[in-house]
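> sequence and predicted model, in that order:
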Amino acid sequence: MKKKLIFAVFTSITLTVFCCSKDSDSGPNATPDPEPDPDPVPTSEYRIPCVDPLKSSSPYKITYDYWAQGDIIPTDKIIDCHMIPIGSPNAPGFEIWRDPQMLYNGKPSYRFKMIDQSKTRVELQTLFVTQQDLDEAGLTNQDIEDHVATKSLYHFGKGEAKKGETWRYEYGLYLPEGLKDMTGIITQWHGMPDRTTVVTPEKDTIYVPHKEFVDDYLSVMYFNGAIGYNKSDDTVNGYILDAGGNPPMALRVKNGYLYLICRLDRARVTNDRDERIHIYPPNNFPESATSQEGNKTVYGIWSQPLSELPIEQWIDMKIDVKWSKFAEDGSGVLDEGFVKLYMNDELKANWTGYIGNNDEHGTYFKYGLYVPGPNGLEVRVGDFRQTKIE
């Protein structure tokens, strides 16, 4: 009989989460009580009710955050009907400000700031799950608890771009003057790892059905990141979990450049620490670079010095992406995709190639700040829209 696999057991699930710091009743950092949107957009990509984007006339700091893989998001904490804050917006010097006084397309903008590299992220994310999503999927309380244990509850949310689909992503981007001395990611399209797919000690890649994985495998091992450990003696047991990897596409800043990269990950199981490849302008920005093992390829789609781009003014961003389709059995990529990048209606990049991760699920969007350098990171964005192109 095959060895059974497990994650660390969650004995209970918190159906709602508390803010990381209490909202004060007044003052510049107060978070107003959310009010329903009087005229929300009634599509499947939006949740109703949601925070009204125009009710507050003063900027305020968002001081709560969520763990999208396992939290059930209260509807009155959803921002602009389709986003939630993640990361460390409650830590001193790490901030998300919602600003109704500086509008983009008539809607409040968001200013993100990280003072150094001691924290990883402050972002707004489009993929998450509500109780309504779980009810529509027919999940029981035990099902919910099981998916929290495998960090896959957000698979039942809205906002995913599936393999082989074409999507348009639009938002406003405002680049501050100080960005030329900073490093990090300011927009990313992230993958969704298959957390019941593993590589065994014999180097076989196996997929375990979720219910079987939870019911039969949870008693013998746990995973720290991608690495499996025996529960009996805390020793490494040779199992590797699909724990995700680098984002399939990211907009980054480094060395005074703004640049866009995408990735192909051919492996069915990805350990984030294996086969890392980094390219960046001006001197290390090839058209493509592949890892020694051959599983990962990173592509340099576009780069431009920040000095040549509009600074301290809004840039209309539009990115059309066709995500590559992968075989259902995990055997590999089936077709090419494409990326078209427009800034203020000017076509900056028109790239064709393989893009995406070899997972069951697709990608989702996040903007804000991720992995800053020692000088911190700062950006302003606004009015994100995501549209499927038939």
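Yep, it's here. Residues are numbered from 1 along each chain as shown.
> neighbours of residue 288, how many?
16 (other C-beta atoms under 10 Å). Just so you know, the C-beta spots here come from the backbone N, C-alpha and C atoms, and that holds for glycine as well.
> look up the residues forming beta bridges with the closest residue to it other than its chain neighbours.
Using C-beta to C-beta, 6 or more residues apart in numbering and skipping residues adjacent in sequence, the residue nearest residue 288 is residue 299, 4.9 Å away. Each beta-bridge partner of residue 299 is listed here: residue 262, residue 288, as defined by DSSP bridges.
> shouldn't residue 299 be in contact with residue 261?
Yes - with the criterion set as C-beta atoms under 8 Å, residue 299 and residue 261 qualify as a contacting pair; they are 6.4 Å apart.
> between those two, which has more neighbouring residues?
For residue 299 and residue 261, the more surrounded residue by other C-beta under 10 Å is residue 261, and the numbers stand at 24 against 21.
> OK, contacts around the more buried one?
Taking C-beta atoms under 8 Å, 6 or more residues apart in numbering as the definition of contact, the neighbours of residue 261 are 249-250, 252, 279, 298-301.
> what's the pLDDT at it?
Reading off the confidence values, residue 261 has pLDDT 98.
> any idea how far residue 340 is from it?
15 Å (C-beta to C-beta, to the nearest Å).
> can you report how many residues neighbour residue 302?
One way to gauge burial is a neighbour count; for residue 302, by other C-beta under 10 Å, it gives 18.
> the nearest residue to it once chain neighbours are set aside: neighbour count?
What sits nearest to residue 302 in space, not counting adjacent residues and going by C-beta to C-beta, 6+ apart, is residue 349, at 3.8 Å. The number of residues packed near residue 349 is 17, by other C-beta under 10 Å.
> quickly list what residue 349 is bridged to.
According to DSSP bridges, the partner residues bridging residue 349 are residue 341.
> OK, contacts around it?
Residue 349 makes contacts with 260, 301-302, 339-341, as judged by C-beta under 8 Å, 6+ apart.
> try it again at 6 Å.
Taking C-beta atoms under 6 Å, 6 or more residues apart in numbering, we find residue 349 in contact with 301-302, 341.
> go on, residue 357?
Contact criterion C-beta under 6 Å, 6+ apart gives 191, 248, 265 as the residues in contact with residue 357.
> what about the first one, distance to residue 306?
Separation of residue 191 from residue 306 (C-beta to C-beta) stands at 28 Å.
> equivalent analysis for the second one, please.
The span separating residue 248 from residue 306 equals 24 Å under the rule C-beta to C-beta.
> neighbour count winner among those two?
Set side by side, residue 248 and residue 306 show unequal neighbour counts under other C-beta under 10 Å, the larger going to residue 248 at 25 against 19.
> pretty sure the more buried one contacts residue 263?
Yes - in this structure, residue 248 sits in contact with residue 263. The criterion is C-beta atoms under 6 Å, and the distance is 5.3 Å.
> list the neighbouring strands of the top strand by length along the chain plus their orientation.
Scanning the chain for the longest strand, with DSSP state E as the assignment, gives strand 377-389. Within its sheet, and counting by DSSP bridges, strand 377-389 is paired with strand 107-114 (antiparallel), strand 166-174 (antiparallel).
> just these: most buried one?
Mean neighbour counts were taken over these using mean count of other C-beta atoms under 10 Å, and the top value, a mean of 23, falls to strand 107-114.
> dump that strand to PDB, restricted to CA.
Backbone C-alpha positions of strand 107-114 (Å, rounded to 0.1, in the frame of the first residue of the first chain) are rendered in PDB as follows:
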ATOM      1  CA  LYS A 107     -12.700  56.000  -8.200                       C
ATOM      2  CA  PRO A 108     -10.500  56.100  -5.200                       C
ATOM      3  CA  SER A 109      -6.800  55.200  -5.700                       C
ATOM      4  CA  TYR A 110      -4.600  53.100  -3.400                       C
ATOM      5  CA  ARG A 111      -1.200  54.100  -2.200                       C
ATOM      6  CA  PHE A 112       1.100  51.200  -1.100                       C
ATOM      7  CA  LYS A 113       4.200  51.800   1.000                       C
ATOM      8  CA  MET A 114       6.900  49.500   2.500                       C
END
